[in-house]
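> Okay, here's the prediction I keep looking at, along with the sequence it came from:
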Protein chains: 2
Amino acid sequence: MRNLKLIIEYEGTNYSGWQAQKTLPTVQGTLVQVARRLTRDENASVAGASRTDAGVHALGQVVGLKADTDMSCQDLIKGLNFFLPDDIVVKEAIDMPPDFDPRRGSKGKIYLYRIVNRNHPSALLRNFSWNIFNPLDLGAMREAATHFIGEKDFSSFMAADSDANHAVREVTSVEIFEKEDGLLEIEVRGTAFLRHMVRIMVGTLVAVGKGKRRPADIHGIIDARSREAAGMTAPAQGLCLVRVEY
Amino acid sequence: MRNLKLIIEYEGTNYSGWQAQKTLPTVQGTLVQVARRLTRDENASVAGASRTDAGVHALGQVVGLKADTDMSCQDLIKGLNFFLPDDIVVKEAIDMPPDFDPRRGSKGKIYLYRIVNRNHPSALLRNFSWNIFNPLDLGAMREAATHFIGEKDFSSFMAADSDANHAVREVTSVEIFEKEDGLLEIEVRGTAFLRHMVRIMVGTLVAVGKGKRRPADIHGIIDARSREAAGMTAPAQGLCLVRVEY
């Protein structure tokens, strides 16, 4: 039985998220079907480092693939990409020790959230960004972002239906980059994240950018340990899992 | 009768190019229908600065809209975007003198061609790039690119079915940018272009990058004044009309 680490890229638009479901198309469900077909191992399994939501994209999702196969890593990459739909691509495959677990082994993750901040929508980025018409105050957003840094109880930034045991997570950096034509990129790095955490952080930063909250309010929002204290959950399609670190 | 200049963005994936056709969906056809519906002027017409091919995208196509309407430019933008599908967006609208012609008035155009040069496809850029698996020699491609600069007879870089009167065009710059993860961006600027000219230039540069042609061969290819002398026409989906200058 091989234990492989795959790095995969996908556009989440046409999937009901990462995690396999009985009737809806998911990235995990699609990948495990193709892996079983290719390796002819009906018990092959795949596990992801991050359970991305419906509509969320990945440039570097890490997947643990357990399968009984003699194929070389190069042939696995080629074979999986041959059978996979165009919106899921295997970029790398490497054999790992039996105890490698993509989720528990992860030391950090990098997410990117794209906002198009201009008074008209974007045709090319419509499935990859959140369109905000009113001008955002980037200075205030950058100040607010610094207050997320550190190891904190992020209960206020956790989806109501989260099954996490506790909400203490460490955010190591939040940077906001201004690109051309109103494109903003918010890069969030941390050791681990709660369900919807990045999207609620972004929704709260946008509330600051609109002047509805002050940068210093972030402290109180975190201290409240209540989902209602924070801003809205930013739409899924703006989010991309860039990299998982080990 | 108003004569308006629109700047529009579109993803070309789902259209049979810019130019209106009887049965197939086109960007021009879609836009003129929406403009007539919004302005209630059944004779409203739209003309584009560039007749982009099926699958080609635009960040800054310029459109001349002739219509009998009292709407403000802001209301026209909002109204057109309300009725247009998500993959076509009006970014700007401004009233022009009656003699403004988006095609004849153009002083220059900027196109961007994206190549993903790595040994696996791209899920996120699959509709926006040409995937080339074997490593390209960028140094050779950059040297070859310099030989396109200037006013030349580009007959060798013209689609066989072009209806141009003559093939003399001026290319002012060709730059190749290396981005992350194997993404290459080839930016081509010129005063005007022949049908398929940028795509044939890119196909020929790729032949140089693969070592099938030498950089200095570009001179002989241009001198041949024959479509057969040049390389293949690069796939449409990698091309984007970035800006039209006046």
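Received, thanks.

> So A:Ala192: helix, strand or coil?
Using DSSP: H, G, I helix; E, B strand; the rest coil as the criterion, the local structure at A:Ala192 reads coil.

> Let's see the pLDDT reported for A:Ala160.
At A:Ala160 the predicted local confidence, pLDDT, stands at 82.

> Could you pull up the residues touching it?
With Cβ atoms under 8 Å, 6 or more residues apart in numbering or on different chains as the criterion, the residues that contact A:Ala160 are A:Arg227. Using the backbone N, CA and C atoms, a C-beta is placed for each residue, glycine as well.

> could you say which helix or strand contains the residue lying closest to A:Leu84 once chain neighbours are set aside?
Across the structure, with Cβ to Cβ, 6 or more residues apart in numbering or on different chains as the measure, the residue nearest A:Leu84 apart from its sequence neighbours is A:Val34 (5.3 Å). Element membership for A:Val34, per DSSP states H and E: helix A:27-39.

> buried stuff in that helix?
Neighbour counts using 16 or more other Cβ atoms under 10 Å in any protein chain shown place A:Val27, A:Gln28, A:Gly29, A:Thr30, A:Leu31, A:Val32, A:Val34, A:Ala35, A:Arg36, A:Leu38, A:Thr39 of helix A:27-39 among the buried residues.

> mind checking how far the last one is from chain B?
Read it as A:Thr39. Using Cβ to the nearest Cβ, to the nearest Å, A:Thr39 is found at 18 Å from chain B.

> Next, format the buried residues of helix A:27-39 as CSV and append pLDDT.
Output for the buried residues of helix A:27-39, formatted as CSV (pLDDT from 0 to 100):
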residue, pLDDT
A:Val27, 98
A:Gln28, 98
A:Gly29, 97
A:Thr30, 98
A:Leu31, 98
A:Val32, 98
A:Val34, 98
A:Ala35, 98
A:Arg36, 98
A:Leu38, 97
A:Thr39, 97
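
> for the residues you listed, which one is nearest chain B?
A:Val27 (10.1 Å; Cβ to the nearest Cβ).

> residues contacting that closest one?
Taking Cβ under 8 Å, 6+ apart as the contact definition, A:Val27 lies against A:Ile8, A:Tyr10, A:Gly12, A:Tyr15, A:Gly17, A:Trp18, A:Gly48, A:Thr52, A:Ala58, A:Gln61, A:Ile88.

> any idea how far the third one lies from chain B?
Here the criterion is Cβ to the nearest Cβ. By it, A:Gly12 lies 10 Å from chain B.

> Test my guess that that residue contacts A:Thr52.
Yes. Here A:Gly12 lies in contact with A:Thr52, judged by Cβ atoms under 8 Å, at a distance of 6.3 Å.

> In terms of neighbours, single out the busier of those two.
Between A:Gly12 and A:Thr52, counting by other Cβ atoms under 10 Å in any protein chain shown, A:Gly12 is the more crowded of the two (29 against 25).

> related to what we said a few turns ago, any shared contact partners between A:Gly12 and A:Thr52?
Shared contacts of A:Gly12 and A:Thr52, defined by Cβ under 8 Å, 6+ apart, comprise A:Val27, A:Ala58.

> and the residue located most distally from the centre of chain A, what pLDDT?
No residue in chain A sits farther from the centre than A:Asp70, which is 31.8 Å out by Cα atoms, centre = their mean. Reading off the confidence values, A:Asp70 has pLDDT 96.

> That one should be in a helix, yeah?
No. The secondary structure assignment for A:Asp70 gives coil rather than a helix, going by three-state DSSP.

> and A:Arg227, how many residues sit next to it?
Other residues lying near A:Arg227 total 16 when counted by other Cβ under 10 Å.

> let me redo that: A:Asn127
For A:Asn127, the number of neighbouring residues by other Cβ under 10 Å comes to 18.

> Same check on A:Val244?
Neighbour count of A:Val244, defined by other Cβ under 10 Å: 23.

> Break chain A down into its structural domains.
Here chain A is described, according to automatic domain parsing, as comprising the domains A:2-95, A:108-245.

> got CSV for the ones you listed, with distance to B:Gly238 too?
Rendered in CSV, the data for the domains of chain A read as follows (distance: least, Cβ to Cβ, whole Å):
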stretch, distance to B:Gly238
domain A:2-95, 15
domain A:108-245, 13
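
> Which of those sits closest to B:Gly211?
When the domains of chain A are compared by Cβ to Cβ, domain A:2-95 sits nearest B:Gly211, at 22.9 Å.

> Looking at A:Ala164 now. What's its pLDDT?
Looking at A:Ala164, the pLDDT reads 81.

> before we move on, the earlier item: which among the buried residues of helix A:27-39 gets closest to B:Tyr111?
Of all these, B:Tyr111 sits closest to A:Val27, with 33.8 Å by Cβ to Cβ.

> quick one: which of the contacts of A:Val27 sit in strands?
Among those, the members falling in strands (DSSP state E) are A:Ile8, A:Tyr10, A:Gly48, A:Ala58, A:Gln61, A:Ile88.

> farthest pair in those?
Looking across the ones in strands among the contacts of A:Val27, with Cβ to Cβ as the criterion, the two at the greatest separation are A:Gly48 and A:Ile88, at 12.0 Å.

> mind listing what the host helix or strand of A:Val188 pairs with, with the direction of each?
Under the criterion DSSP H and E, the helix or strand holding A:Val188 is strand A:183-190. Here strand A:183-190 is paired, per DSSP bridges, with strand A:108-117 (antiparallel), strand A:168-178 (antiparallel).
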